[in-house]
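> Quick check, what structure comes out for this input:
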Amino acid sequence: MDAKPTLLIVDDEKPTREGLRAALEDRYDVYLAEDAASAIQLLERDRFDVVLTDFRLPKEDGMKLIARAKSLSKPPICILMTAYGSEELAVEAMRRGADDYIAKGRLQIDELEMRIARALKQQKLEVENVSLHQRLDKQFGLESLVGQSKPMRDVFEIIQQVAPTPATVLIQGESGTGKELVAKAIHQLSPRARQPLVTVHCAALPANLLETELFGHEKGAFTGAHERRIGRFEQADGGTLFLDEIGEIDASTQVKLLRVLGERTFERVGSNKTISVDVRLVAATNKNLAALVKAGTFREDLFFRLRVVELWLPPLRERPGDVPLLALHFLKEIAKEYGKPVTDFTMEAMQALLAYSWPANVRELRNAIEGAVALCRGDKITLRDLPATVRGTGDAGVVPRDAQAVIEQQALTLEEAERQLIIRALQEAQGNRTLAARKLGISRRTLHRKLHVFHLEHL
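Residues are numbered from 1 along each chain as shown. Next up is the predicted model:
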């Protein structure tokens, strides 16, 4: 049997408290408090689903109690009762966080039960909706792309602009910059989000297998083709096909890909039957396709077909200001996965992260943080926990000569990195502090304290 919802009744008149308990205890697990101080003690000790409070209370009124209740990490539904009903008071109660308002003089138990049940149902739907969006965002959305630098803000803007359109997108950038994450974000923010996102790593397949991987083949089309195979284009019908390292495809496959982009049709290997598909194509490469076109190894007409929208991902060395944000993001994620209480970096370790040039980009940073978490013996990553190359004791060539200048120029501290993470969470949550706290993995109360520390109460 499901547990009853918990209800806290706050009223300084004992007959009212006891009367409401007698009327509601069949459906709710009822607790009583005679003033705000007693109610706050109960709220801090136990979690309540609903608070039903009088407006007139000794020392502290019901609105202030509601404000305190709503600052909890898991705030209850709050309903204000008063014998001094007015439209102005009702508006003020809602503004201060009350979920509903009811006048004592017109209080009917049936109506009160209906309002509580309706509020509980709405709260459940909101929690489920937030949870769903968080899961989707975490897996596919912009949340997995971390950065506050100007180059990354430009990337985020392009993603948000192009995602709702059917335009083909060419993502270019060095290895490890996050091209596949960008492709996933474009898909998830598009009208095709509920349809498949199919990924093909072109460099991992030889030319003769890549063609059948993309377009499929019929039984008996070649030696070893014992049954029909559906290709990735058919699998992605209605959705998005992501071709990673597209600069690796051979001339024959380039011709067939050009036809699909132009006519949205193709034939399986070993078949004359034309198949039509509705596929949005996103491609990525770490090579300079324009240079490959000049060298004659990549078709110019295909190049132009692919770069309807061109998106360049900056290497990490060009956005060192994002290193603390990324480092804290990976630290939180990996420490949770490893079950280790590591929460921060020493300043010496953070300076080393800022000074290093990260030739393998974000992927290398994540690997470095993962190794550091595995080696860390305390609650902070120290310099000794980082890889030798990052510490500057390995390959000296990877540490820039102006490392100290980078550190001084950025003037970033761990506190500033945390401040930027809080600002981004609030922006993504559109100012909803409860949702922002969930995104950050902290309680609403902790978020309020940090907003005060960082002077961000206006957000």
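
> low-confidence ranges in the protein?
Within the chain, the ranges that satisfy pLDDT under 70 run 1-2, 73, 83-87, 90, 106, 125-144, 393-417, 441.

> Mind doing that once more with 50?
Scanning the chain for pLDDT under 50 picks out 1, 130-140, 395-413.

> ok, now which ones touch residue 6?
28, 29, 31, 46, 47, 48, 49, 50 (CB atoms under 8 Å, 6 or more residues apart in numbering). All C-beta spots, glycine's among them, are computed from the backbone N, C-alpha and C.

> Let's see the ChimeraX selection covering just the buried ones among the residues you listed.
In ChimeraX, this line selects whichever of these come out buried by 16 or more other CB atoms under 10 Å:
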select :28,31,48,49,50
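
> what ranges do the strands span in the chain?
Along the chain, counting by DSSP state E, strands occupy 6-10, 29-33, 50-54, 77-82, 100-103, 169-172, 197-201, 240-244, 265-267, 274-276, 280-285, 309-312, 344-345, 380-381.

> Could you check the angle the third one makes with strand 29-33?
In this case it means strand 50-54. In terms of direction (axes from the mean of the first three to the mean of the last three CA atoms, to 10 degrees), strand 50-54 departs from strand 29-33 by 30 degrees.

> could I get the strands of the chain as a markdown table with distance to residue 181?
Converted to a markdown table, the strands of the chain look like this (distance: least, CB to CB, whole Å):
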| stretch | distance to residue 181 |
| --- | --- |
| strand 6-10 | 42 |
| strand 29-33 | 45 |
| strand 50-54 | 41 |
| strand 77-82 | 38 |
| strand 100-103 | 42 |
| strand 169-172 | 10 |
| strand 197-201 | 12 |
| strand 240-244 | 11 |
| strand 265-267 | 28 |
| strand 274-276 | 30 |
| strand 280-285 | 10 |
| strand 309-312 | 12 |
| strand 344-345 | 23 |
| strand 380-381 | 24 |
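
> looking at those, which is closest to residue 217?
Smallest distance to residue 217 across those (CB to CB): 10.0 Å, for strand 265-267.

> domain parsing for the protein?
When the chain is parsed with automatic domain parsing, its domains come out as 6-135, 142-314, 319-453.

> how about those, which one is nearest residue 459?
Taking CB to CB, domain 319-453 is the member of the domains of the chain nearest to residue 459, at 5.0 Å.

> From the chain's centre, how far out is the closest one? Work that out for me.
Mean-position distance between domain 319-453 and its chain equals 17 Å (CA atoms, centre = their mean, to the nearest Å).

> In this structure residue 318 contacts residue 151, no?
Yes: if you go by CB atoms under 8 Å, residue 318 and residue 151 touch, sitting 6.5 Å apart.

> the more surrounded of those two?
Remark: of residue 318 and residue 151, residue 151 carries more neighbours, 15 against 10, as counted by other CB atoms under 10 Å.

> Buried ones in stretch 352-364, by neighbour count?
Neighbour-count burial for stretch 352-364 [16+ other CB under 10 Å]: 352, 353, 354, 355, 356, 357, 358, 359, 360, 361, 362, 364.

> Dump the C-alpha coordinates for it into PDB.
Below are the C-alpha coordinates for stretch 352-364, written out as PDB (Å, rounded to 0.1, in the frame of the first residue of the first chain):
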ATOM      1  CA  ALA A 352      48.700  23.300 -14.200                       C
ATOM      2  CA  LEU A 353      45.500  22.600 -16.000                       C
ATOM      3  CA  LEU A 354      45.300  26.200 -17.300                       C
ATOM      4  CA  ALA A 355      49.000  26.200 -18.400                       C
ATOM      5  CA  TYR A 356      48.800  23.000 -20.400                       C
ATOM      6  CA  SER A 357      48.000  23.300 -24.200                       C
ATOM      7  CA  TRP A 358      45.700  20.200 -24.400                       C
ATOM      8  CA  PRO A 359      46.700  18.900 -27.900                       C
ATOM      9  CA  ALA A 360      44.000  16.200 -27.800                       C
ATOM     10  CA  ASN A 361      41.500  18.800 -26.500                       C
ATOM     11  CA  VAL A 362      38.500  18.100 -24.300                       C
ATOM     12  CA  ARG A 363      38.800  14.300 -24.600                       C
ATOM     13  CA  GLU A 364      42.400  14.500 -23.200                       C
END
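
> returning to what we had before: how about the domains of the chain in CSV, adding distance to residue 459?
As requested, the domains of the chain are arranged in CSV below (distance: least, CB to CB, whole Å):
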stretch, distance to residue 459
domain 6-135, 16
domain 142-314, 14
domain 319-453, 5
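
> coming back round to it: please produce JSON lines containing the contacts of residue 6, extended by distance to residue 121.
Shown next, in JSON lines, are the contacts of residue 6 (distance: CB to CB, whole Å):
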{"residue": "28", "distance to residue 121": "15"}
{"residue": "29", "distance to residue 121": "18"}
{"residue": "31", "distance to residue 121": "22"}
{"residue": "46", "distance to residue 121": "22"}
{"residue": "47", "distance to residue 121": "18"}
{"residue": "48", "distance to residue 121": "17"}
{"residue": "49", "distance to residue 121": "12"}
{"residue": "50", "distance to residue 121": "12"}
